[in-house]
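Q: Generate coordinates for the sequence data below:
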Amino acid sequence: MPTPAALRLGHAGLLPFVAGALLTWLVRPDAHPYVTAALSAYAAVIVSFLGGIHWGFAMRQSGPAASLPLWGVLPSLVAWVAVLMPAYAGLVVHGAMLVVCYLVDRRVYPAQGAAAWLTLRFRLTAVASLSCFIGAAGS
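A: Coordinates of the predicted model:
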């Protein structure tokens, strides 16, 4: 079960997503590329973090399935490509990848004894991915 500190930190981690999505619609045109780049970069960091959790699961085992470290790398590679794309496309890739990460985690977390985190993961994913899609629409 997530601790109160984990809940607070998880929700605080949504602030850059929500602020970035809102700012894509509010800033002057000359600041717009910086806002979308910042949102894309933050999304890439979070997508990479979500993959890294699978490395942690693998490290706890003496003979982990190859799928754990493989999946641990894949989100980072996708996020890297998305950062290089124009914001209107890259933010869609980030939003989709956040959803894909959640869907993979729904299968993996229970097997790793982390099923109690899935409710928080769903909520964080919903807000983060929606923020990416709103940011893409504002690009």
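Q: Can you give the distance of the helix or strand containing Ala21 from its chain's centre?
A: Taking DSSP states H and E as the definition, Ala21 sits inside helix 15-26. Centroid displacement of helix 15-26 relative to its chain, using Cα atoms, centre = their mean, to the nearest Å, is 15 Å.
Q: Output the contacting helices and strands for the helix or strand hosting Ala79.
A: Using DSSP H and E, Ala79 maps to helix 67-84. Using 3 or more Cβ pairs under 8 Å, 6 or more residues apart in numbering; DSSP states H and E as the contact test, the elements touching helix 67-84 are helix 32-59, helix 87-111. All C-beta spots, glycine's among them, are computed from the backbone N, C-alpha and C.
Q: okay, the helix or strand following the shortest one in CSV with CA atoms only?
A: Under the assignment DSSP H and E, the closest C-terminal helix or strand after helix 87-111 is helix 118-137. Coordinates of each C-alpha in helix 118-137 appear next as CSV, following Å, rounded to 0.1, in the frame of the first residue of the first chain:
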residue,chain,number,x,y,z
LEU,A,118,-2.1,0.1,-9.1
THR,A,119,-4.9,2.5,-8.0
LEU,A,120,-2.4,5.3,-7.5
ARG,A,121,-0.7,4.4,-10.8
PHE,A,122,-4.1,4.6,-12.6
ARG,A,123,-4.8,8.0,-11.2
LEU,A,124,-1.4,9.4,-11.9
THR,A,125,-1.5,7.9,-15.4
ALA,A,126,-4.9,9.4,-16.2
VAL,A,127,-3.8,12.9,-15.3
ALA,A,128,-0.4,12.7,-16.8
SER,A,129,-1.5,11.2,-20.1
LEU,A,130,-4.4,13.6,-20.4
SER,A,131,-2.0,16.5,-19.8
CYS,A,132,0.2,15.3,-22.6
PHE,A,133,-2.8,15.0,-25.0
ILE,A,134,-4.0,18.5,-24.0
GLY,A,135,-0.5,19.8,-24.5
ALA,A,136,-0.3,18.2,-27.9
ALA,A,137,-3.6,19.7,-28.9
